[in-house]
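1. how would this look folded up:
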Amino acid sequence: MQEIDKKEEVIKEIKKSKIVGGLSGEAKQLVDKFRRIAKEKGQPFIDFESEGLLYVTFYDKNNLVYCVPIFSFKDNKRVDLKKKIYISEDAKRLENILRNSNKKRNEIKKDY
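-> Take a look at the predicted model:
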C-alpha cells in the first residue's frame, strides 16, 4: 500500500514539472547521445523511467551493459553521476536480464 502511495506521489510531482507532454530538450539530447554510442558499438539501446528517473543502457569497453540514470523528472535536471545515486530495483533487474541475454548471444555466436 505504501509503495502505491509513493508511486502516486511521484506521478503527481512529475505532472507538476515542465516535462508533461514529452521529454525536455536536455533529456532528449542525453538520450540521443547514449543512443548514438550504443549504435556505434552495435549494441541494443533502451531508455526507460523508474521511480522518477530516466535510465539508459550504457556499454563499457568490454561491452558490459549498465542501466544508468541520466535525468531526474522530479528535479527536472541531469543526474550527477559523480554523486552517490540510488539505482531502482527495476533498473537492476533489467540490467541483469540484458547482461544474461548478451552472455547467451555471445555463446550462440561462438557455436556457429
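2. Identify each buried residue in stretch 61-77, please.
-> Buried residues in stretch 61-77, counted by 16 or more other Cβ atoms under 10 Å: 65, 67-73, 76. For every residue, glycine as well, the C-beta is placed using N, CA and C.
3. Helix, strand, or coil at the residue nearest the centre of the chain?
-> Centroid-nearest residue in the chain, with Cα atoms, centre = their mean: residue 55, separated by 1.6 Å. Following DSSP: H, G, I helix; E, B strand; the rest coil, we place residue 55 in the strand state.
4. can you offset everything so residue one is 222?
-> Got it, first residue is 222 now, which makes that one residue 276.
5. Correct me if wrong: it contacts residue 293.
-> No. With contacts counted by Cβ atoms under 8 Å, residue 276 stays clear of residue 293, the gap being 11.0 Å.
6. Distance check, residue 299 against residue 266.
-> Residue 299 sits 18 Å away from residue 266, taking Cβ to Cβ, to the nearest Å as the criterion.
7. Same question for residue 317.
-> 17 Å.
8. which one of those two has more residues nearby?
-> A direct count of neighbours by other Cβ atoms under 10 Å for residue 317 and residue 266 places residue 266 higher, at 16 against 12.
9. can you tell me the helix or strand for that one?
-> Assigned by DSSP states H and E, residue 266 belongs to neither a helix nor a strand.
10. so what's it up against?
-> Applying Cβ atoms under 8 Å, 6 or more residues apart in numbering, one finds that residue 266 lies in contact with 255-256, 259-260, 277-278.
11. Work out the gap between the helix ranked longest in the chain and the centre of the chain.
-> Longest helix of the chain, by residue count under DSSP state H: helix 310-332. Centroid separation for helix 310-332 versus its chain: 16 Å, with Cα atoms, centre = their mean, to the nearest Å.
12. List the buried residues for it?
-> If you call a residue buried by 16+ other Cβ under 10 Å, then helix 310-332 has these buried ones: 312, 315-316, 319, 323.
13. Next one: residue 222, what pLDDT does it get?
-> Looking at residue 222, its pLDDT stands at 61.
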